[in-house]
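K.L.:
Sequence first, then the predicted structure:
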Amino acid sequence: MPYAKIIGSGGYLPPRVVSNDALAADLATRQVETSDEWIVTRTGIRQRHIAEPGTRTSELAIHAARAALDDAGVAPDDIDLIIVATSTPDYVFPSTACLVQAGLGASGGAAFDVQAVCSGFVYALTTADAYIQAGRATTALVIGAEVFSSILDWSDRSTCVLFGDGAGAVVLQASNTPGIIGARLNADGSQMKVLHAAGNVAHGQVVGDPFLRMDGQAVFKLAVTHLSNSAQQVCQESGVALSDIDWMVPHQANVRIINFLGRKLGLDPSRVVVTVDQHANTSAASVPLAFDTARRDGRIQPGDLVLMQGVGGGFTWGSVLVRM
Ligand code: UT7
C-alpha cells in the first residue's frame, strides 16, 4: 500500500491586518469593551487578517492551493482529489471544493468538502490519506479555508476577538516512502452545545442563530484533555514515542491551550509551532497555515516527524503523524 506524502504546501491570508488595538477601537464604537491587554493575556493573539466583506472562502482557498501546487511542482490537471475543509462554504451547494477545482482549471477528479470545524483540516488530510492508501487517488489537494469573520457576532466580545480569516493547503502524492504514518479522528456529538453556529437556510430565510456561539471555558478543558490523549494514542498506534516528534503543529486557538498541551506531553516549547499571535484562530485553516509557515521558514525539514492536531465544534478532534 502506498504512503501519502506531503510534497508541497501553501498559505494565503487576506491583506487587511487588524491589530488588537484597532479591533478594540472599532468595537468601542459599538459599545463593546475589550483591550489589547485582555486579548494578549488570555489568548496570545496580537492581530488577525480579516477579509473584505463579500470575499468568498473559495477565493482564499484558490490562492493557497496555487501556492501549494507551485511549491510541489504539480499542475492542476494532475490533481485527482480535492478536499476542502471549511465551515464557511461559499454556498449551500455546490461544495467549495468544486469551486476550487473550476478556479484552478483542474478537471475530472473527485472534489468535496469536509465539515469538522477547527478539526476540518486533519479530518480532510486523513480522508485523503485513506484514498491514496487504497489506490483511489494519486495526487490530492487538501485545503483548510475560512472566512470566519462572516459568522462572528461583533457584539459578542467573548468570541469576536478570537478569530481570523485565511487558507492553507497541502499537496499529497502516493509514494513508496512515508508519508502519513498515523491518524486518529474522534467526535463527541453530545458536546454540540459548547461550540456551534446553529442557524440554517430554509424556505428562503436564515432560520435560527447565524452566528458562532461558544462556551470558552468548556472548550478549553475539552481541547487540552482530548488533544493530549489523541497525541498519545496516535504515537502508540504508529510505534513512535512522543519524544520522537520533531514538530508539533496544533490547532491555533489560544496560546494557553497550546502551552498546556505542550507541557502535558512533555514537548520542548521550541518544537511547537505557534502562529495564533499573528493569525488568531482561522478554524480549518489554522493547522495548514501554521504548517506552511514552519516549512517555508525552514523549521520543518525533510525527514522530520510532524504531529498535526485539530480540535473544535462537533465536538471534534484528531491527530495526524507525518514523516516529511
Ligand atoms: O477553535 C475552537 C476552539 N476554541 C477555543 O479553543 C477557545 C477556548 N477557550 C478560550 O480560549 C478561553 O476560554 C477564552 C479566550 C475564550 C476566554 O478566556 P477565559 O480565561 O476562559 O475567560 P472567561 O471566559 O472566564 O472570561 C473572563 C472575564 C469575564 O468577565 P468577568 O465575568 O470575570 O467579569 C468576561 O466577561 O473576561 C471577560 N471577557 C472579556 N473582557 C475583555 C470575555 N471576553 C472579553 C474580551 N475583552 N474580549
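P.N.:
Sure, I can see it.

K.L.:
Could you spell out the sheet neighbours of the strand or helix carrying Ala111, each with its direction?
P.N.:
Per DSSP states H and E, Ala111 falls inside strand 110-114. Sheet pairing of strand 110-114 (DSSP bridges) gives strand 81-85 (parallel).

K.L.:
Tell me the helix or strand right after the strand it pairs with.
P.N.:
Heading C-terminal from strand 81-85 (DSSP H and E), you reach helix 96-104.

K.L.:
counting contacts, what elements does that next one pack onto?
P.N.:
With contacts taken as 3 or more Cβ pairs under 8 Å, 6 or more residues apart in numbering; DSSP states H and E, helix 96-104 sits against helix 57-72, strand 81-85, strand 110-114, strand 139-146. Quick note: C-beta positions are derived from backbone N, CA and C, even for glycine.

K.L.:
So which of the ones you listed is nearest Ser9?
P.N.:
With Cβ to Cβ as the criterion, Ser9 lies closest to helix 57-72 of these, at 5.3 Å.

K.L.:
Give me the buried positions along the closest one.
P.N.:
Neighbour counts over helix 57-72 (16 or more other Cβ atoms under 10 Å) mark 57-69, 71-72 as buried.

K.L.:
Just give me the closest of those residues to the ligand.
P.N.:
Nearest to the ligand among the buried residues of helix 57-72, counting by Cβ to the nearest ligand atom, is Thr57 at 16.4 Å.

K.L.:
contacts for the strand holding Ala111?
P.N.:
80-86, 89, 95-98, 100-101, 120, 123-124, 127, 131, 137 (Cβ atoms under 8 Å, 6 or more residues apart in numbering).

K.L.:
can you give me the offset of it from its chain's centre?
P.N.:
For strand 110-114, the separation from the chain centroid amounts to 16 Å (computed by Cα atoms, centre = their mean, to the nearest Å).

K.L.:
Which positions in the stretch 201-324 of the chain make contact with the ligand?
P.N.:
216-217, 219-220, 223, 253-254, 257, 281, 312 (Cβ under 6 Å from any ligand atom).

K.L.:
where does the closest residue to Asp71 other than its chain neighbours land in three-state SS?
P.N.:
If the residues on either side of it in the chain are set aside, Asp71 comes closest to Gly8, at 3.6 Å by Cβ to Cβ, 6 or more residues apart in numbering. With DSSP: H, G, I helix; E, B strand; the rest coil as the basis, the three-state label of Gly8 is strand.

K.L.:
If Gly8 is in a bridge, with which residues?
P.N.:
Beta-bridge partners, per DSSP bridges, of Gly8: Val171.

K.L.:
again with Ala187
P.N.:
Thr316.

K.L.:
wait, doesn't it sit right on Thr316?
P.N.:
Yes. Taking contacts as Cβ atoms under 8 Å, Ala187 lies within contact range of Thr316: 4.6 Å.

K.L.:
what residues are shared contacts of these two?
P.N.:
In contact with both Ala187 and Thr316: Ala116, using Cβ under 8 Å, 6+ apart.

K.L.:
still on that earlier bit, export the helices and strands packed on helix 96-104 as TSV, with columns for distance to the ligand.
P.N.:
Output for those, formatted as TSV (distance: least, Cβ to the nearest ligand atom, whole Å):
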stretch	distance to the ligand
helix 57-72	16
strand 81-85	13
strand 110-114	16
strand 139-146	10
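
K.L.:
What ranges does the stretch 201-324 of the chain have for its strands?
P.N.:
205-207, 213-214, 247-250, 305-312, 316-323 (DSSP state E, counting those that start in this stretch).

K.L.:
Report the strands that pair with the first one, each with its relative direction.
P.N.:
So that's strand 205-207. Short version: by DSSP bridges, strand 205-207 pairs with strand 200-202 (antiparallel).

K.L.:
Just the mean pLDDT for the partner strand, thanks.
P.N.:
The average pLDDT for strand 200-202 rounds to 92.

K.L.:
How much space separates Ser158 from the ligand?
P.N.:
Separation of Ser158 from the ligand (Cβ to the nearest ligand atom, to the nearest Å) stands at 4 Å.

K.L.:
What number of residues are in the vicinity of that residue?
P.N.:
Using other Cβ atoms under 10 Å, Ser158 has 12 neighbouring residues.

K.L.:
which ones are touching it?
P.N.:
Here Ser158 is in contact with 214, 216 (criterion: Cβ under 8 Å, 6+ apart).
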